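> Quick check, what structure comes out for this input:
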Amino acid sequence: MTVMPATVFVVDDDPGVLRALTRLLRADGLEALSFASPKAFLEQHDATTPGCVVLDIAMPGLNGLELQQALMKLGAPRPIVFLSGRGDIPTSVQAMKAGAVDFLTKPVNGKTLLAAVRKANDLDSRARQAQSEQRAVARRLATLTPREHEVLQHVIAGQLNKQIAADLGTVEKTIKVHRARVMEKMGIRSVAELVRMADQAGIPFSKSPSTG
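From the prediction side, this is the model:
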């Protein structure tokens, strides 16, 4: 599978700052796209493109925090490095609480910005990897029959085949067959791996799973 390179989306209404930041990022070997307003950014935004946003906090119309919120509402949050010309502490606190990676004051130090961008791109990469793994687990879970789902929930709750058979009103031999099919379909060999996958998929753990 081809991995798309990370893109740094730079959003600032000051043309001079926009050019300088874009040059700095590209000189460091990064892919950078510049936008003069949050509106222009949102109109062209592709959530499937990996990367982060370097975002001015104070802009006319939609400001930086509002753009951050807009991305979250669209279900396309990105790691954001905020820039401010005023060093507004309350605003920086609000931005960080909403998930910003960093909040830097203009004129920003080049090395500091590049370090923040590298951190943001790394966070984005890890988040996308986790999402990819969750989708893969969901696809495997979708292949299980209703009975196999029940057996899975009992297995991750730590029950033995004999206990599961008693709970589901069947015999231990049948549970062994279902359990083997679950492990095969999920592509795993151990209960520990099954527990990890169930956790990724958000399957609730219970000591006494409902038998329906």
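
> going forward, measure contacts between C-alpha atoms and count neighbours the same way
OK.

> okay, and for the protein, where does confidence drop off?
Judged against pLDDT under 70, the low-scoring parts of the chain cover residues 1-3, 86-89, 98, 205-212.

> any idea which helix or strand carries the residue positioned nearest the centre of it?
Compute the mean C-alpha point of the chain, and by CA atoms, centre = their mean the closest residue is residue 127, 3.2 Å away. Here residue 127 sits within helix 110-141, counting by DSSP states H and E.

> So which elements touch that helix?
For helix 110-141, the helices and strands in contact under the criterion 3 or more CA pairs under 8 Å, 6 or more residues apart in numbering; DSSP states H and E are strand 51-56, strand 80-84, helix 172-186, helix 191-201.

> go with 7 Å
strand 51-56, strand 80-84, helix 191-201 (3 or more CA pairs under 7 Å, 6 or more residues apart in numbering; DSSP states H and E).

> Contacts for the second one, please.
Spelled out, it's strand 80-84. Surrounding strand 80-84, the residues in contact under the criterion CA atoms under 7 Å, 6 or more residues apart in numbering are 52-58, 100-106, 116-117, 120.

> Endpoints of stretch 83-101, how far apart?
Stretch 83-101 has its terminal residues 11 Å apart, counting by CA to CA, to the nearest Å.

> Now the residue lying farthest from the centre of the chain: closest residue in space that isn't a chain neighbour?
The outermost residue of the chain, judged against the average C-alpha position, is residue 171 (42.0 Å), by CA atoms, centre = their mean. Sequence neighbours aside, residue 165 is the residue nearest to residue 171 in space, at 5.2 Å (criterion: CA to CA, 6 or more residues apart in numbering).
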